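>>> predicted model follows, preceded by the sequence.
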Amino acid sequence: MTTRLFGEPVQRREDPRLLTGQGRYLDDLGRDALAAAFVRSPHAHARIRDVDVTAALDVEGLVAIYTWED
């Protein structure tokens, strides 16, 4: 970390939007918004040979499942 920024004001791009009440948050999307989940391998550089989504297809309210084949 460099020390040239210590004690200096740092201009951030998000401040004006948030300070004037124009920020957008997840709660602003409403009750009809969809949620997404991304599943990643816990093993670095592992080769994923197959993804079994049959159990997930039975989940109520599921809209879509996308795999690498899509």
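Received, thanks. Just so it is clear, the structure is predicted and the values come from calculations on it, not from any experiment.
>>> need the contact partners of the strand or helix carrying residue 16.
Here residue 16 sits within helix 15-19, counting by DSSP states H and E. The contact list for helix 15-19, computed with CB atoms under 8 Å, 6 or more residues apart in numbering, reads residue 23. C-betas here are computed from N, CA, C, even on glycine.
>>> ok, the closest residue to residue 57 other than its chain neighbours - contacts?
Nearest non-adjacent residue to residue 57, counting by CB to CB, 6 or more residues apart in numbering: residue 65, 7.1 Å away. Residue 65 makes contact with 53, 56-57, according to CB under 8 Å, 6+ apart.
>>> which one of the residues you listed is nearest to residue 34?
residue 56 (15.0 Å; CB to CB).
>>> isn't that closest one up against residue 62?
Yes - the pair residue 56 / residue 62 is scored as a contact, 6.7 Å apart, by CB atoms under 8 Å.
>>> where are the low-confidence patches of this protein?
Under the criterion pLDDT under 70, the flagged ranges of the chain are 1-2.
>>> rerun at 80
The model of the chain has pLDDT under 80 over residues 1-5, 11-14.
>>> phi, psi for residue 57 please.
phi -70, psi -20 (degrees, to the nearest 10).
>>> distance check, it against residue 63.
Separation of residue 57 from residue 63 (CB to CB, to the nearest Å): 11 Å.
>>> same question for residue 23.
27 Å.
>>> which one of these two is surrounded by more residues?
The neighbour comparison of residue 23 against residue 63 (other CB atoms under 10 Å) goes to residue 23, with 12 against 7.
>>> what count of nearby residues applies to the closest residue to that one other than its chain neighbours?
Residue nearest to residue 23 in three dimensions, not counting chain neighbours: residue 17, with 5.3 Å by CB to CB, 6+ apart. Using other CB under 10 Å, residue 17 is surrounded by 11 other residues.
>>> swap in residue 41?
9.
>>> pull the contacting residues for it.
Residue 41 neighbours (CB under 8 Å, 6+ apart): residue 48.
>>> can I have stretch 4-20 written out in CSV, keeping just the CAs?
Backbone C-alpha positions of stretch 4-20 (Å, rounded to 0.1, in the frame of the first residue of the first chain) are rendered in CSV as follows:
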residue,chain,number,x,y,z
ARG,A,4,1.0,9.1,-0.5
LEU,A,5,-2.8,8.9,0.1
PHE,A,6,-2.6,9.1,3.9
GLY,A,7,-4.2,12.2,5.1
GLU,A,8,-5.5,13.2,1.7
PRO,A,9,-9.2,13.2,0.7
VAL,A,10,-10.2,10.4,-1.7
GLN,A,11,-12.8,11.3,-4.3
ARG,A,12,-15.2,8.5,-4.7
ARG,A,13,-17.7,8.2,-7.6
GLU,A,14,-20.5,6.7,-5.6
ASP,A,15,-20.8,9.4,-2.9
PRO,A,16,-23.0,12.0,-4.7
ARG,A,17,-25.5,9.3,-5.7
LEU,A,18,-25.8,7.9,-2.2
LEU,A,19,-25.7,11.2,-0.4
THR,A,20,-28.5,12.7,-2.5
